[in-house]
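**Student:** What shape does this take:
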Amino acid sequence: MSTESTWRNAPDTLGRTAPNQSVQYPDATPIDEIFGVDCFGLQEMKKRIPAEQFRSLLMTIERGEPMSDKELADSIAKAMRQWAIEKGATHYTHWFHPLTGSTAEKHDSLYKLNSEKAFIPHLSASALMQGEPDASSFPSGGLRQTFEARGYTAWDATSPAFIMRGDNSATLCIPTAFVSWTGEALDKKTPLLRSMDAISKQALRVLKFFGKDEGVHNVYSTMGCEQEYFLIDKRFLSSRPDLMLCGRTLFGSKPAKGQELSDHYFGAVPPRILEFMADSEQDLYRVGVPVQTRHNEVAPGQYEIAPLFEHANVASDHQMVLMEILKRSAERHGLHAIYHEKPFAGVNGSGKHTNWSLSTDSGLNLLDPEDSPHTNPQFLVFLCAVIRAVHLHGDLLRSSIASAGNDHRLGAHEAPPAIISIFLGDMLTDLLDQIEAGEMTRTLSGGTLDLGATQLPKLPRDSGDRNRTSPFAFTGNKFEYRAVGSTMTAAWPLTVMNTIVAESLDDILNDIEKVVGAGATPEARDAAVMGVLKDVVGKHKAIIFNGDGYSQEWQEEAARRGLPNIKKSSDAIPVMREQKNLDLFARFGVLQNAEVHSRANTYMEKYVTQLSIEAATMLQIARQQILPAAYEHQRNLAETAASSEGIGSDILGLRDEFTQYAELADRFRNGAAKLEEQLDSIPDDEYKAGEYFRDTLIGTMEDLREIGDLLETKTPSKIWPLPSYQDMLFIK
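**Tutor:** Coordinates of the predicted model:
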């Protein structure tokens, strides 16, 4: 085996891309006019279809009314086709989210042959509204078999179509839902849309009860994701089978410097990375993804991008587009984007902090406490509904973010623990104390900060601090679900969140209506609300925790409070199948029992398959790369010791070094043999296999890594076959 690895001989890609041309930003010019528009949104539709039909379309998009007018569908299909062809598109695809967690597409031509054998533009209303991609090989968790091939895609009019561009291609992507021939959901969009309907219905009931529903026709769950990711030079990838196949390093010793100095965090973005970011953002703006924030994250080589808030369904689609565009842009800049939750041991992992709120179609944020929340019983109902929902269904929320990758991340380095709790801050916690005491008299104020320098302004201070260790934190007018993993689509956690809060809104309002009926005075109404909320707070305040989520004291306190601490996804995923959760989803029409079981089976199968691939890859690296390198260095030590002995030198130190290294290499060889033996014993049943990994294989993999990483520190870098953490994290 050559001592020079592929990555060392690869051409340098650091200077591959020329600096971008400067872009002017006139104050009066919208950003879509600066970068162009590859998104078929409402503005484009309004220009291209008759006004009456456009108003009808708005009823579908904004109020959920069915699109039953064939002429409207014909007009939209024609307008979308013309627009796409003007943009250079030659094909279209029904773009959807299968249960794999990625996106799927099958391309069809935007042209067809007419009777005169000439190619003419074509996209009919029926082709827009419904597709039949087959797609029977996608995982369905037993919901359908491969021979049951008929599956349908249905156009989602609420999410704008967009054009995805390649080097020499342009494809019209039409967001769709994906269902079976029997109508069962095979994707992540369909349950999300159903859950949005469910929470809208219950939120509208609350608004009507308080007489605040005038002019409100819909309540949307809204979402904004903070996407974290790593970038490495792509020349390292071919020599890291673990990164290539698993998305994370299975071996790798810590460099002398990591993130201890916090000098990367919020630091100046390296020029090459900034070029990549600017290039990505231009592509994202073109397809309508409203990205806003970019910065260096804590770990070296780690970055973050975050968009503005949007309706949850559109935001979920845009998240998937964002991940794809970042990947493509990285390739153009000689980089490789890594989304895995823990690609590098010993430094921060990556999350997708999912900010969730509720907003009316008139623009009112229902989770905004405003200035005096103690006089706003409507806000308190929504707040208490979230508290109740998370307390009752913390195990289901933990299940919603279960994955092999997230198990490595949860619990440290700014990632929340596996215990689901809510951080409220001082103001809201004080409000709950007042509710429980039965008297609302005050709202804590943060006041202002005088910084002690006349040159600096006095700053308005929030009424409470933020908590980076909380998995579910209130952050002013929304909740931030920090536990969501960076590889995940946010659609499933959002579906769970919408559904559990819909249940609590329904139950709380039912209890209030038992006390006071329609036509009651405001005083009687508010007294009934406070009485019910007092009971809710008393039963569910155990979920509130404002302290250090990493501390051992919290682990013990959470156990006393009866909060679940599900550390492994092999235990979290089966929670979905519990009867209370089956009943929950069925009650609100989000998922029927078979659909829930299919997801649990699919996610567990994916969990086991990912770990199996990691174990097999680890064994391959151990046998084909690390052991040959270790034996080479072992031979060098032996030869050095022998040559030294021949000239009569004191060789005790060399002998000891050789013996210790040989023993370490032998331990590594035995560890690899143990892993291979255990790989052959994985049970066929995915749930038993999950337990087997939890109890047996994961520990063996961790032990083998520990020995391998120690070998790396004792082997000359010229011989070691894998690019080091130092190379990958710091060479930009």
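**Student:** where exactly do the helices run in the stretch 551-700 of the chain?
**Tutor:** Secondary structure of the stretch 551-700 of the chain, counting by DSSP state H, counting those that start in this stretch: helices at 552-561, 569-572, 579-587, 593-621, 627-646, 652-679, 686-692, 698-713.
**Student:** again with the stretch 101-250 of the chain
**Tutor:** Using DSSP H, counting those that start in this stretch, the helices of the stretch 101-250 of the chain run over residues 125-129, 189-209, 241-246.
**Student:** same deal with the stretch 401-550 of the chain?
**Tutor:** Residue ranges of the helices in the stretch 401-550 of the chain, as given by DSSP H, counting those that start in this stretch, are 404-409, 425-437, 491-515, 522-540.
**Student:** Nearest to residue 36 among those helices would be which one?
**Tutor:** helix 491-515 (28.2 Å; C-beta to C-beta). (C-beta placed from N, C-alpha, C; glycine too.)
**Student:** name the helices or strands packed onto the closest one?
**Tutor:** Counting contacts by 3 or more C-beta pairs under 8 Å, 6 or more residues apart in numbering; DSSP states H and E, helix 491-515 is packed against helix 189-209, strand 219-233, helix 312-332, strand 352-360, helix 377-392, helix 394-400, helix 522-540, helix 579-587.
**Student:** would you list those in a markdown table and tack on mean neighbour count and distance to residue 705?
**Tutor:** Putting the helices and strands packed on helix 491-515 into a markdown table (neighbours: other C-beta atoms under 10 Å; distance: least, C-beta to C-beta, whole Å) gives the following:
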| stretch | mean neighbour count | distance to residue 705 |
| --- | --- | --- |
| helix 189-209 | 22 | 37 |
| strand 219-233 | 24 | 19 |
| helix 312-332 | 22 | 27 |
| strand 352-360 | 23 | 26 |
| helix 377-392 | 23 | 35 |
| helix 394-400 | 24 | 26 |
| helix 522-540 | 17 | 41 |
| helix 579-587 | 16 | 35 |
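**Student:** Out of these, which gets nearest to residue 563?
**Tutor:** Closest among the helices and strands packed on helix 491-515, using C-beta to C-beta: helix 394-400, at 6.2 Å.
**Student:** which stretches of the stretch 1-150 of the chain aren't confidently modelled?
**Tutor:** Within the stretch 1-150 of the chain, the stretches with pLDDT under 70 are 1-35, 135, 145-149.
**Student:** nearest spatial neighbour of residue 679, skipping sequence neighbours?
**Tutor:** Counting by C-beta to C-beta, 6 or more residues apart in numbering, residue 679 lies nearest to residue 615, which is 5.5 Å off, once chain neighbours are set aside.
**Student:** I'd like to know which of the helices and strands packed on helix 491-515 lies nearest to residue 274.
**Tutor:** Closest to residue 274 of the helices and strands packed on helix 491-515 is strand 219-233 (C-beta to C-beta; 11.5 Å).
**Student:** and residue 192, what does it touch?
**Tutor:** Residue 192 sits next to 312-313, 316, 491-492, 494-495, 498 when contact means C-beta atoms under 8 Å, 6 or more residues apart in numbering.
**Student:** need the contact list for the closest residue to residue 107 other than its chain neighbours.
**Tutor:** Spatial nearest neighbour of residue 107, chain neighbours left out: residue 91 (4.2 Å); criterion: C-beta to C-beta, 6+ apart. Each residue near residue 91 by C-beta under 8 Å, 6+ apart is listed here: 107-110, 169, 171-172.
**Student:** Assess the claim that residue 496 and residue 393 are in contact.
**Tutor:** Yes. With contact defined as C-beta atoms under 8 Å, residue 496 reaches residue 393; the gap is 7.4 Å.
**Student:** When the two are compared, which one has more neighbours?
**Tutor:** Between residue 496 and residue 393, counted using other C-beta atoms under 10 Å, the more crowded position is residue 496 (27 against 24).
**Student:** do you know how far the closest residue to that one other than its chain neighbours is from residue 576?
**Tutor:** Closest residue to residue 496 apart from its sequence neighbours, by C-beta to C-beta, 6+ apart: residue 400 at 4.3 Å. Counting by C-beta to C-beta, to the nearest Å, the separation of residue 400 from residue 576 is 8 Å.
**Student:** and if you look at residue 543?
**Tutor:** On the measure of C-beta to C-beta, residue 543 and residue 576 end up 20 Å apart.
**Student:** same check, this time on residue 263
**Tutor:** With distances taken as C-beta to C-beta, residue 263 is found 42 Å from residue 576.
**Student:** ok, the two, which is more surrounded?
**Tutor:** Shown here are residue 263 and residue 576; by other C-beta under 10 Å, residue 576 has more neighbours (23 against 11).
**Student:** Quick one: residues contacting the closest residue to the more buried one other than its chain neighbours.
**Tutor:** Of all residues not flanking residue 576 in the chain, residue 600 sits nearest, at 4.2 Å (C-beta to C-beta, 6+ apart). Shown in contact with residue 600 (C-beta under 8 Å, 6+ apart): 141, 573-574, 576-577.
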